[in-house]
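Q: Sequence and predicted structure are below.
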Amino acid sequence: GGRLPCAASTYTPFERQTSCIDCPAGNYSDLPASTFCKTCLPGSSSPQKASQCTACAPGTYAKSAGMSACTLCEHSRYQPGGSATSCIDCPLNRGARIIMGVCSGSCGGSSAKSDCQCMAGFTDFGVDTDECAAVSWEEAKMGQSTACASVENLLTVTLSANTALTTAV
């Protein structure tokens, strides 16, 4: 009798078993001749037939035990540390920016708070916190605004200038 001398990453739950069984994904066996597989802890994962779990890398997480893979942080979230069980929300009015279908910043799998960009209509110019403030065009000073001149403003300025020229002549 006895058990098969199965390698680490496999197990034999029964005596006189004729083959070794691979540990399923999210589980591992770190010793040879194991009778069961151990479950990976939250913050780690393993593929099928693993002899150890792998800690989730920054930008990823495993929220529960027994995960086959770590999950990328979602849009507008980040995780700077390894072995994480969740990701952190970007500060207020910051996150992933999508312009014409192209994402920039914290688009998924972000590992740094600095990936969190100000959302459209918000700025961090002159702001002392991690949050972005709403852009106020009325308070914008010359040289600080990136707004395009509106057609109405150009028309008003042009008409005023023409009136002034006509009156002067």
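A: The structure has been received and is ready for your questions.

Q: Okay, now the unreliable bits of the protein?
A: Counting by pLDDT under 70, the chain has low-confidence residues at 1-2, 137-169.

Q: Okay, helices next: where are they in the protein?
A: 151-168 (DSSP state H).

Q: Pull the residues that contact stretch 51-58.
A: 8-9, 28-30, 40-41, 43-46, 62, 70, 79-84, 111 (C-beta atoms under 8 Å, 6 or more residues apart in numbering). Yep, even glycine has a C-beta here, placed from its N, CA and C like the rest.

Q: okay, how far is it across that stretch, tip to tip?
A: 22 Å (C-alpha to C-alpha, to the nearest Å).

Q: List the buried residues in that stretch.
A: Using 16 or more other C-beta atoms under 10 Å as the test for burial, stretch 51-58 gives S51, C53, T54, A55, C56, A57, P58.

Q: now, the most widely separated pair of these?
A: S51 and P58 (23.9 Å; C-beta to C-beta).

Q: Export the buried residues of stretch 51-58 as a markdown table, with columns for distance to E74.
A: Putting the buried residues of stretch 51-58 into a markdown table (distance: C-beta to C-beta, whole Å) gives the following:
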| residue | distance to E74 |
| --- | --- |
| S51 | 31 |
| C53 | 23 |
| T54 | 21 |
| A55 | 20 |
| C56 | 14 |
| A57 | 16 |
| P58 | 15 |
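
Q: residue contacts, M119?
A: N93, R94, G95, R97, C132.

Q: Nearest to L4 among those residues?
A: G95 (52.8 Å).

Q: and the closest one, what are its bridge partners?
A: The partner list for G95 in beta bridges (DSSP bridges) reads Q117.
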